[in-house]
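Novice: predicted model and sequence below, questions to follow.
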Amino acid sequence: MTGKRIVVPPQSPLSGELYGRVCRILESARTSVARSVNTAHVVANWLVGHEIVEEEQQGRERAGYSERLVAMLSERLCADYGTGYSAQNLACMRQFYLAYPNLLSETDIFHALRGKLETWQPGQLHPGLSWTHYRTLLRVERLTARAFYEIEAARQAWSARELERQINTLLFERLAKSRDKKGVLELATQGHLVSSPVDVFKDPMVIEFLGLPESVRLVESTLENALIGNLQPFLLELGKGFTFVGRQYRVSINNTHYGVDLVFYHRILRCFVLIDLKLGEVQHHDIGQMNLYLGYFPN
């Protein structure tokens, strides 16, 4: 009797669980290193701004002292450290120190470099904000608005590009439009908190990221396709707590089938949000149709 010898390879000692744990360690280390580098960069620029301001105060009676000081300092620094220290950049560092005089203490630096902040408020160093974030924030002159954008950028982990977009589209002003003085102050100290439907929606909404031309020939299906194709920025524009459910969501009532253009679920308010796209003025039958849809979905 003949037969083939079957060799069973030994079981691999490397388990998927082990590999996953090691990957998480390495990814965490990369994130910590990047955060530490960003924070060190912010701290260094703040300290440079501090030195310029302190030197200016000593020579404040000399006409044109500040401009000459920055120009001379820039010339020497660029020769030794590269073009990142132009007169314009040094002026920005000076402005940074003046706008954030209480940015850090030795304790703040220690905790920020490790990404651990027990208590934080706008105006203090945050490890999630890079130098590009802070340069963008300096463009906001209104202190309450700047504090709001600072809170939201840190809390929502906005990229510097997203922060710039939110500033350019006047997010703070749109949210503050429907609030009293107390509500505006809460935006500046607590950020955008959602506790009722009025807190959710912006007036108006800005969807310039779609890149659609202004045309009388624009149809609702084109708008819908553009929104779906740019779903991530659209969700950011909608606000906090939105989850996409579907498009042309089928609703059957009395053996008649309808399609709701866009359906979302709001995790904070725990309700569905329906969007029916209209390019012209809303008519009475449009309102009736939306009420029909609302009666279909659970409250």
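Specialist: All right, it came through fine.

Novice: how about the helices in the stretch 101-250 of the chain?
Specialist: For the stretch 101-250 of the chain, applying DSSP state H, counting those that start in this stretch gives helices covering 106-113, 131-137, 143-155, 160-168, 171-176, 181-190, 220-229, 231-238.

Novice: tabulate those helices (CSV), appending mean pLDDT and mean neighbour count.
Specialist: Where you see a C-beta, it was placed from the backbone N, CA and C, and this is true even at glycine. Formatted as CSV, the helices of the stretch 101-250 of the chain follow (pLDDT from 0 to 100; neighbours: other Cβ atoms under 10 Å):
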stretch, mean pLDDT, mean neighbour count
helix 106-113, 57, 15
helix 131-137, 96, 21
helix 143-155, 93, 21
helix 160-168, 91, 17
helix 171-176, 86, 19
helix 181-190, 75, 14
helix 220-229, 84, 14
helix 231-238, 85, 16
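
Novice: of all these, which one is nearest Glu75?
Specialist: Closest to Glu75 of those is helix 131-137 (Cβ to Cβ; 21.8 Å).

Novice: which other helices and strands does the closest one contact?
Specialist: Contact here means 3 or more Cβ pairs under 8 Å, 6 or more residues apart in numbering; DSSP states H and E; on that basis helix 131-137 packs against helix 16-58, helix 87-99, helix 143-155, helix 160-168.

Novice: out of the ones you listed, which comes closest to Pro127?
Specialist: Of all those, helix 16-58 comes closest under Cβ to Cβ, at 4.9 Å.

Novice: now that closest one, how far from the centre of its chain.
Specialist: On the basis of Cα atoms, centre = their mean, to the nearest Å, helix 16-58 sits 19 Å off its chain's mean C-alpha point.

Novice: who does that helix touch, helix- and strand-wise?
Specialist: So helix 16-58, by 3+ Cβ pairs under 8 Å, 6+ apart, packs with helix 65-81, helix 87-99, helix 106-113, helix 131-137.

Novice: and the angle from it to helix 65-81?
Specialist: Relative orientation of helix 16-58 versus helix 65-81 (axes from the mean of the first three to the mean of the last three Cα atoms, to 10 degrees): 140 degrees.

Novice: circling back: what about the helices and strands packed on helix 131-137, which gets the closest to Trp120?
Specialist: helix 143-155 (7.5 Å).

Novice: who touches the closest one?
Specialist: For helix 143-155, the surrounding residues in contact (Cβ atoms under 8 Å, 6 or more residues apart in numbering) are 120, 122-123, 126, 128-129, 133, 137, 140, 158, 163, 166-167, 171-173, 184-185, 187-192.
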